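1. coordinates only, sequence not included:
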């Protein structure tokens with residue numbers, strides 16, 4: 001499928017527990033959000049009629065912003081210890097997707113557009129931060145054409161961390177000072 005549709009992103013199949021969708025505390029549910037905005041039913045009951053419209057707010061952006069440092073650290077470790085070019089490419093791609101996702105999450109609430117498309121995520125961020133367009137372009141290239149050169153991949157990750165983590169830290173300080181995994185919707 002990748003050869004036929006080279007710009008196709010990752011395909012994910014998820015199965016959610018009822019309580020993951022309809023949380024007892026009424027808080028934000030990533031499962032409910034995914035079902036409501038970006039899914040199709042292939043078996044069982046189609047739950048789309050049971051889900052209220054989703055708001056694009058800090059609760060939606062929180063996960064990608066909160067997880068950035070950990071995702072970059074894991075990718076860096078994977079690249080540093082990789083024994084094959086495929087492992088380097090996989091780590092580089094994961095880091096690049098984390099960078100683009102966190103950057104986009106910073107502007108999601110302002111833009112009021114939800115997408116998983118890396119190209120659109122990159123563009124929406126660049127509209128709000130034109131001075132960072134070229135920086136995010138490097139991550140986009142690494143995400144769509146993963147590199148097998150570990151040193152170059154690590155340089156791109158380090159450079160992105162230097163400009164992006166202060167922005168994500170500022171967002172977290174303003175919207176999630178406790179660094180909670182999930183915010184109330």
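-> Yes, it's here. A quick note: this is a predicted structure, and the numbers were derived from the prediction, not measured.

2. Please parse the protein into its domains.
-> Residue ranges for the domains of the chain, per automatic domain parsing: 1-54, 58-175.

3. The last one - what's its average pLDDT?
-> Pointing back at domain 58-175 there. Mean per-residue pLDDT for domain 58-175: 94.

4. distance between that domain and the chain's centre?
-> 8 Å (CA atoms, centre = their mean, to the nearest Å).

5. In the host helix or strand of residue 162, which residues are buried?
-> Taking DSSP states H and E as the criterion, residue 162 maps to helix 150-175. Using 16 or more other CB atoms under 10 Å as the test for burial, helix 150-175 gives 150, 153-154, 156-157, 160-161, 164-165, 167-168, 171-172, 175. The way it works is simple: take the backbone N, C-alpha and C, and place the C-beta from them, glycine included.

6. For those residues, give me a markdown table that also has distance to residue 144.
-> Shown next, in a markdown table, are the buried residues of helix 150-175 (distance: CB to CB, whole Å):
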| residue | distance to residue 144 |
| --- | --- |
| 150 | 18 |
| 153 | 14 |
| 154 | 19 |
| 156 | 13 |
| 157 | 16 |
| 160 | 15 |
| 161 | 20 |
| 164 | 18 |
| 165 | 23 |
| 167 | 23 |
| 168 | 22 |
| 171 | 25 |
| 172 | 28 |
| 175 | 29 |
